[in-house]
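Chemist: Test case, fold it:
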Amino acid sequence: MATKYSYKYFQVHFPADHAYVAHVEINRADKMNAFFEAMWLELAQLFNQLSTDPSVRAILLTGAGEKAFTAGLDVHAASQGLLSPDSNDSADSARKASHLRRHISSFQDCISAVERCEKPVISAMHGFALGLAIDLSTATDVRICARNTKFAVKEVDIGLAADIGTLSRLPKVVGNNGWVKEVALTARVFGAEEAEKVGFVNAVYEDKKRTVEAGLALAKVMAEKSPVAVQGTKEILNWSRDHSVQDGLRYTTVWNSAALQTKDVSDALLSGIQKRKPTFEKL
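Modeler: I've put the predicted structure just below:
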């Protein structure tokens, strides 16, 4: 299965003892996994492919090396590209704004590919998780981290308002606008314990190795469930997050009017009666 996934900046592994689990590793350790344009374009391609792969039911996202999950945006590359003072200098302000709007929208869509992915995505973070790391991890469904993880919403330190997802998703993840405004307006570093306290991460583990192991174990549990049920649950939760309770209930009714016709329901019920572990067909 691994031969189907050939990317320059991401490694995709399929652990032999974790059926239907894909382990995606950001693969730029020499630059602390910092992102530049080619990487976020690859990210979207990869997660779009994973989303429709029937052999994948859950995904773990990690960063290569010991230093960082990702240090965020590659500021050096950005300063020589779109954010360069001389970038598109001959264009008038309206045309510059139009060009930037399209660029930002494309970048946002690439990160949103993680959230749109039909399969549950777990991010297992360690070391530095700065700037874009917050954008990326808030697009995942579950976040865990190592005890040494250092987080920060760094954008104000480089003269920007975070524009790829943090300011839209982080308040909904933690449910604490005051805390989000503090860390976003100061760019201060916060640690794993604080991240767990406010609900940004689900759990903290001693080191990277244990964090990855825990992430794989969690992904394995999800992958063993009915893919119809798991994908439906993610879809309905994400929809309901952004709509009223009544809208969420109505959407669930429409969704399940089709999904409840699956054979997975009777298979799951029968396995419970027979006290055996159910298996489900690919979706």
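Chemist: which residue ranges form the helices in this protein?
Modeler: 37-52, 75-79, 93-116, 132-138, 166-174, 177-186, 192-197, 208-223, 227-241, 245-259, 263-273 (DSSP state H).
Chemist: Residue 146 is nearest to which of those?
Modeler: Closest to residue 146 of the helices of the chain, according to C-beta to C-beta: helix 208-223, at 4.5 Å. Yep, even glycine has a C-beta here, placed from its N, CA and C like the rest.
Chemist: Using CSV, write out every CA atom in the closest one.
Modeler: Extracted in CSV, the C-alpha atoms of helix 208-223 (Å, rounded to 0.1, in the frame of the first residue of the first chain):
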residue,chain,number,x,y,z
LYS,A,208,7.7,11.6,21.4
LYS,A,209,8.0,7.7,21.3
ARG,A,210,5.2,7.2,23.8
THR,A,211,3.1,9.9,22.1
VAL,A,212,3.3,8.3,18.7
GLU,A,213,2.6,4.9,20.2
ALA,A,214,-0.5,6.3,22.0
GLY,A,215,-1.6,8.0,18.7
LEU,A,216,-1.3,4.7,16.8
ALA,A,217,-3.2,2.8,19.5
LEU,A,218,-6.0,5.4,19.4
ALA,A,219,-6.1,5.3,15.5
LYS,A,220,-6.3,1.5,15.7
VAL,A,221,-9.3,1.6,17.9
MET,A,222,-11.1,4.0,15.5
ALA,A,223,-10.1,1.9,12.5
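Chemist: circling back to that earlier point, the helices of the chain into a markdown table, with extra columns for distance to residue 281, mean pLDDT and mean neighbour count?
Modeler: Shown next, in a markdown table, are those (distance: least, C-beta to C-beta, whole Å; pLDDT from 0 to 100; neighbours: other C-beta atoms under 10 Å):
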| stretch | distance to residue 281 | mean pLDDT | mean neighbour count |
| --- | --- | --- | --- |
| helix 37-52 | 16 | 96 | 18 |
| helix 75-79 | 44 | 76 | 15 |
| helix 93-116 | 23 | 92 | 15 |
| helix 132-138 | 32 | 98 | 29 |
| helix 166-174 | 33 | 97 | 19 |
| helix 177-186 | 42 | 98 | 15 |
| helix 192-197 | 37 | 98 | 17 |
| helix 208-223 | 13 | 98 | 19 |
| helix 227-241 | 8 | 97 | 17 |
| helix 245-259 | 14 | 96 | 12 |
| helix 263-273 | 8 | 84 | 12 |
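Chemist: Give me the neighbour count for residue 123.
Modeler: Neighbour count for residue 123, taken as other C-beta atoms under 10 Å: 26.
Chemist: Surely it is in contact with residue 59?
Modeler: No. The criterion here is C-beta atoms under 8 Å, and residue 123 misses it with residue 59 at 9.5 Å.
Chemist: What residue, apart from its backbone neighbours, is nearest residue 7 spatially?
Modeler: residue 42 (5.2 Å; C-beta to C-beta, 6 or more residues apart in numbering).
Chemist: and the gap between the one you found and residue 269?
Modeler: 42 Å (C-beta to C-beta, to the nearest Å).
Chemist: And for the spatially closest residue to residue 145 that is not a sequence neighbour, the neighbour number?
Modeler: Excluding the flanking residues, the one nearest residue 145 by C-beta to C-beta, 6+ apart is residue 125, at 4.2 Å. Neighbourhood size, residue 125 [other C-beta under 10 Å]: 31.
Chemist: wait, doesn't residue 125 sit right on residue 142?
Modeler: No. Residue 125 is beyond contact range of residue 142, at 11.4 Å (criterion: C-beta under 8 Å).
Chemist: Tell me which residues touch the residue nearest to residue 191 when sequence neighbours are not counted, please.
Modeler: Distances taken as C-beta to C-beta, 6+ apart put residue 150 closest to residue 191, at 6.4 Å, once the chain neighbours are dropped. Residues in contact with residue 150 (C-beta atoms under 8 Å, 6 or more residues apart in numbering) are 127, 128, 129, 130, 189, 190, 191.
Chemist: looking at those residues, which has the most residues close by?
Modeler: If you count neighbours using other C-beta under 10 Å, the busiest of the contacts of residue 150 is residue 129, which has 29 neighbours.
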